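Student: Provided below for reference: sequence and predicted model.
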Amino acid sequence: MKRLIMMMLLVAMAVSVSAQKKIVGVSGYKEDAAHHVNDTYISAVRNAGGVPFIIPVTTDKSQIDAILNVVDAIVMTGGDDIDPLKWYGEEPVPALGEIVPERDEFDIMLIRAAVAKGVPVLGICRGEQLINVAFGGTLYQDIPSQAKETFVKHRQTPTAGRYPTHSITIEKGSKLEKELGAESVKVNSFHHQSVKDVAPGFKVTARAADGIVEAIERTSPLKDYADGGGLIIGVQFHPEHFASSGDKVFLEIFKEILK
């Protein structure tokens, strides 16, 4: 009997501790017969004190709504290019990379539904671009061929993810400046697309030395979309690589969506 009571107490303590932790949905991608999320995102969420929950690709609105009813924040991950013709009305340029229509549909549905519910959203690389496109912005489909004034190499593959390759300047007073505690930091860089026209209700909060957008955040209510008022922030670089290895500075970006 004493043993049973002790086991019940241990279970109750475990439930109590887990209840204090916030659940973070991490958007996945589908490849062959499996759904994936890179471990760096999972480790970054864990290091920030959250419980990661992988969200599989789906265009079932009821499933997305059910998932958003149990998560406290979402992280939109990096990956493929976004279909310009469908999502912001531009013809595809020759240098456009691979697009995955099912993932585009899923990600846009997930972001809009999360914002409508007021669930905090962190978009990383493709995730930042999706935030912008989902609420009326556009992209450079290919920085080297479209952004004529660029002089920074933004696609640094195969450089290691934890190695910074260029600097960014952060707007004073922005959430990103508050999180990182600096107006200039060095970041990694693995992209050839970026924000061009910023979506209404958002502002640019960081740029590379050549002017390419490196971060955006929502600063006013979104007039044309349901908006629950939660935090919305996007970064073009990959803070999860730093945060997953214990970097306390970039870990603050993940901690912000858990507040």
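Tutor: That came through fine.

Student: what about residue 247, how many neighbours?
Tutor: When counting by other C-beta atoms under 10 Å, one arrives at 15 neighbours for residue 247. C-betas here are computed from N, CA, C, even on glycine.

Student: try residue 252
Tutor: 17.

Student: begin at 39, not 1, for the rest of this chat.
Tutor: In the new numbering, first residue 39, that becomes residue 290.

Student: from the chain's centroid, how far away is the one helix or strand it maps to?
Tutor: Secondary structure from DSSP states H and E places residue 290 in helix 286-294. Distance of helix 286-294 from the chain centroid (C-alpha atoms, centre = their mean, to the nearest Å) equals 13 Å.

Student: please put the alpha-carbon coordinates of it into CSV.
Tutor: Output of helix 286-294 as CSV, limited to C-alpha atoms (Å, rounded to 0.1, in the frame of the first residue of the first chain):
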residue,chain,number,x,y,z
LYS,A,286,22.7,31.6,-24.2
VAL,A,287,22.4,34.7,-26.4
PHE,A,288,20.5,33.1,-29.3
LEU,A,289,18.5,30.9,-26.8
GLU,A,290,16.7,34.1,-25.7
ILE,A,291,14.8,34.1,-29.1
PHE,A,292,13.2,30.8,-28.1
LYS,A,293,12.6,31.9,-24.5
GLU,A,294,10.7,34.9,-25.8
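
Student: and the residue sitting nearest the centre point of the chain, which of the three is it?
Tutor: Nearest to the geometric centre of the chain sits residue 161, at 1.8 Å (C-alpha atoms, centre = their mean). When classified by DSSP: H, G, I helix; E, B strand; the rest coil, residue 161 comes out as strand.

Student: so what's it closest to, chain neighbours aside?
Tutor: residue 272 (3.7 Å; C-beta to C-beta, 6 or more residues apart in numbering).

Student: ok so, going back, same question for the helix holding residue 290: list its buried residues.
Tutor: Within helix 286-294, the residues scored as buried using 16 or more other C-beta atoms under 10 Å are 288, 289, 290, 291, 292, 294.

Student: neighbours of the closest residue to the second one other than its chain neighbours, how many?
Tutor: When you say that, I think you mean residue 289. The shortest distance from residue 289 to any non-neighbouring residue, by C-beta to C-beta, 6+ apart, is to residue 281 (4.3 Å). By the criterion of other C-beta under 10 Å, residue 281 has 26 neighbours.

Student: thought residue 94 was touching residue 66?
Tutor: Yes. Using C-beta atoms under 8 Å, residue 94 is in contact with residue 66, at 5.3 Å.

Student: residues that sit against both of those two, list them.
Tutor: Common contacts of residue 94 and residue 66 (C-beta atoms under 8 Å, 6 or more residues apart in numbering): residue 73.

Student: these two: who's more crowded?
Tutor: residue 66 (21 against 15).

Student: spit out the contact partners of that one.
Tutor: Residue 66 makes contacts with 73, 74, 75, 92, 93, 94, 95, 115, as judged by C-beta under 8 Å, 6+ apart.

Student: for it, phi and psi?
Tutor: Reported as degrees, to the nearest 10, the phi and psi values for residue 66 are phi -100, psi 180.

Student: residue boundaries of the helices in the stretch 89-238 of the chain?
Tutor: Under the criterion DSSP state H, counting those that start in this stretch, helices of the stretch 89-238 of the chain are mapped to 99-106, 122-126, 139-155, 164-172, 181-184, 213-218.

Student: pLDDT of the third one, averaged?
Tutor: Helix 139-155 comes out with an average pLDDT of 98.
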